[in-house]
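**Q** Let's see this in three dimensions:
(chains A and B)
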Amino acid sequence: MILFAARRLAEAVAVLFVLTFLIYVIGTIVPGDIAQQMAGIEGATPERMAEMRARLGLDRPLMVRYGEWLGNAVRGDFGHSLFTERDIAADVRQQFPVSLEVAFASVLLAVVIGIPLGVYAAVHTGTIVDRILRGISLVFFSVPTFVSGVLFVWLGSIILKSYYTSFYVPFTEDPIANLRSIMLPCLAIALPTSASIIQMTRTTMIASLQEPFIDTARVKGARESRVRYIHALRASLGPVVTLIGLLFGALVGGLIIVEQIFNLPGLGRGVLLAIAERDFPYVITATLVIASVYIVVNFIVDLLYPILDPRQREQT
Amino acid sequence: MNAPAARGALDGNAAENRETPRIRDARLWHQLRAVAKHPSGRFGLLLIAPVLILAIAGPLVIDWDPIKINPSDTLQGPSARHWFGTDQLGRDLAARVVSAIPVVIWVPLGAVLLAVTGGSAIGILAGYRRGWLERVLMAGTDVLLAMPGLLTAILIVGVFGGGSRNMILAIGVIYLPRFTRIARGSTLEVRGLPYVDAARLSGTKPLALVMRHILPGISSPLFVMCVLSLSTGLLVQTALSFLGFGFEPPTADLGRMLANSVDFLTLAPWMAISPALVITLLILAFNNLGDAVRDVMDPEVARAAGTV
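**A** Residues are numbered from 1 along each chain as shown, chains lettered A, B, ... in the order given. You can find the predicted model right below:
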């Protein structure tokens, strides 16, 4: 188990290492580099460009610059934004909690909607409710976050006016206002996610209800509700947890979109702005943070699997 | 146990070799009919029909120029004059939506073709050659998979600019690793089968061996993955447009039209309705078709593969 964890960790570090290098290379070969932009299009005489490059340190070889960046990054210094000239690490430290909160709340919402409905559909297979749920989740699964996001902006500005706060309020400042400001963005992300969770829970739950250990539990005199909601549900959660891990990529995409639509000051909107401004030091840092979280989430999912489903333990 | 291996064994049967193409055609025809008869497939075709009709018949019926500004017609609701209404510059939304439909079909299609070609080539090479080459190729695949898809696409299009070609490239790159994995996995299964050994021992050159004996054996899961990727490809493309990385204005672009409508939602909600509806209908249609194709051709390709 420890060996497995250590190997995964080493792999993850290697992947992150290659990733930063790739983005670094792309960031430097990009047409119209930052020196040209900062010197201004008209004032971009070769001398001025050279001076600008020297000031920004862009005149040295690629590997030297990457090595220096990496050395600083390991010590937690990610440099300054080329655009705002602010400390990147400080900016990211401010934006990351916003994205994390929205992501966490969205997954929580999706799980709270998805698992009970999935269990209900599995226990009542073939009924009208099951079929309606299937239809609804198919539609929810297909409505893009930016479409539901726009719909929710409209709802928020017309119907839910008194419940919705259209600018972000940090949780530490005012928890109620914070929930108001993130509820609609979270719902936009949670809808397609919950649709997948409903169907996955339903499928795995139906399968585990037919397993022999369910009969054993019944024969031993466990109440039907206990059999369903403790024995069967627990055995069904493994694939659901894996699914949530897999959906994380979509979640990040949803976050970027939702932060843009609802003006949330998170990492996703930061990346969009930075790309538009060709602010590559920021882009690399933000991408590194996002990819790290992605890898950590997948790692946790791998560790959770045997904890949730006792049958998986013997194999490891 | 699994379909690709069984099919591969059939294709490799020497006695049936001359019959094979016809059998394969008949099977393909049969499968396409099965997809059309499948409830999800039928629903998907039903949904895609109005959009296709709109895209084909629209330009013949609608006289408005999709990019012409009509100052006297700004923010008009749907009417006989402007079927879907007009935007803040008085442009006819029906004409704009209709002119934007072809690209949301071609770009995902192009991206999927790019991904399936590149991914199969890399995957087959990795699975067939094994050794250090396989390790390097699969490590590259892991790096790509460690990035959320939309973020990768945004980085590529953000750096190299929008337009059809770059969007196809961006979406193709994020789908490449999935096809690589499937192709490698299937190649590993197929390469150990007796008929491949027989072909190799009888002196078939590697390229011919791959084209004639390995590719047919792994084509089914790849095809299923293609269809499943169409809807997410469309999703990523419209998301890129929505975020402003698509086509330069004034070209009509469904995602950008929807993004523009946000500022006018209370004044002119119809600006959001037609692009949102077309995007959602197409994704719903592709999802249903994908489900039907998967059920018919290869139930084993994981459902989760359909996430961005």
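
**Q** Got phi/psi on the closest residue to residue B:167 other than its chain neighbours?
**A** In space, and not counting its chain neighbours, residue B:167 is closest to residue B:107: 5.2 Å by CB to CB, 6 or more residues apart in numbering or on different chains. Just so you know, the C-beta spots here come from the backbone N, C-alpha and C atoms, and that holds for glycine as well. Torsion angles at residue B:107 (phi, psi; degrees, to the nearest 10) stand at phi -60, psi -50.

**Q** How many residues are close by residue B:107?
**A** When neighbours are counted by other CB atoms under 10 Å in any protein chain shown, residue B:107 registers 26.

**Q** In this structure it contacts residue B:168, no?
**A** Yes: judged on CB atoms under 8 Å, residue B:107 makes contact with residue B:168 at a distance of 5.6 Å.

**Q** residue ranges with poor pLDDT in chain B?
**A** Counting by pLDDT under 70, the ranges of chain B that qualify are B:1-26, B:298-308.

**Q** contacting residues around the spatially most central residue of it?
**A** Nearest to the mean C-alpha position of chain B, by CA atoms, centre = their mean, lies residue B:230 at 2.4 Å. Neighbouring residues of residue B:230 by CB atoms under 8 Å, 6 or more residues apart in numbering or on different chains: B:108-109, B:112, B:286, B:289-290.

**Q** Show the buried residues in those residues.
**A** For the contacts of residue B:230, a burial check counting by 16 or more other CB atoms under 10 Å in any protein chain shown picks out B:108, B:112, B:286, B:289-290.

**Q** any residue of stretch A:110-127 up close to chain B?
**A** No: counting by CB under 8 Å from any CB of the partner chain, chain B has no neighbours in stretch A:110-127; the shortest distance is 13.1 Å.

**Q** Could you pull out the buried residues of that stretch?
**A** Across stretch A:110-127, burial judged by 16+ other CB under 10 Å covers A:110-111, A:113-115, A:117-123.

**Q** same thing with stretch B:206-213?
**A** Buried residues in stretch B:206-213, counted by 16+ other CB under 10 Å: B:209-210, B:213.

**Q** Tell me how far the spatially most central residue of chain A lies from residue A:293.
**A** With distances taken as CA atoms, centre = their mean, the residue of chain A nearest its centroid is residue A:252 (3.4 Å). Here residue A:252 is placed at a distance of 8 Å from residue A:293 (CB to CB, to the nearest Å).

**Q** for residue A:143, same thing?
**A** 25 Å.

**Q** about what we covered before: closest to residue A:209 among the buried residues of stretch A:110-127?
**A** Distance to residue A:209, by CB to CB, is smallest for residue A:122 among these, at 6.8 Å.

**Q** could you say which helix or strand contains the closest one?
**A** Following DSSP states H and E, one finds residue A:122 within helix A:88-123.

**Q** The helix or strand just after that helix near chain B at all?
**A** Going down the chain from helix A:88-123, the next helix or strand is helix A:128-142, by DSSP H and E. Yes: interface with chain B: helix A:128-142 contributes A:138-139, A:141-142 (CB under 8 Å from any CB).

**Q** what does the next helix or strand after helix A:128-142 contact?
**A** Using DSSP H and E, the helix or strand that follows helix A:128-142 in sequence is helix A:145-158. The contact list for helix A:145-158 (CB under 8 Å, 6+ apart) reads A:164, A:166, A:184-185, A:187-189, A:191-192, A:253-254, A:257-258, A:261-262, B:238-239, B:242, B:255, B:258-259, B:261-262, B:265-266, B:269, B:272, B:276, B:279-280.

**Q** Could you give me the PyMOL selection string for whichever of those residues are buried?
**A** Remark: buried members of the contacts of helix A:145-158, expressed as a PyMOL selection using 16+ other CB under 10 Å:
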select buried, (chain A and resi 164+184+185+187+188+189+191+192+253+254+257+258+261+262) or (chain B and resi 238+239+242+255+258+259+261+262+265+269+272+276+279+280)
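
**Q** Okay, and which of the contacts of helix A:145-158 map to helices?
**A** Among those, the members falling in helices are A:184-185, A:187-189, A:191-192, A:253-254, A:257-258, A:261, B:238-239, B:242, B:255, B:258-259, B:261, B:272, B:276, B:279-280 (criterion: DSSP state H).

**Q** residue in the stretch 151-300 of chain B nearest to chain A?
**A** As assessed by CB to the nearest CB, chain A sits closest to residue B:158 within the stretch 151-300 of chain B, at 3.6 Å.

**Q** And the nearest residue to that residue once chain neighbours are set aside, what's its pLDDT?
**A** Excluding the flanking residues, the one nearest residue B:158 by CB to CB, 6+ apart is residue A:275, at 3.6 Å. Residue A:275 is assigned 87 on the pLDDT scale.
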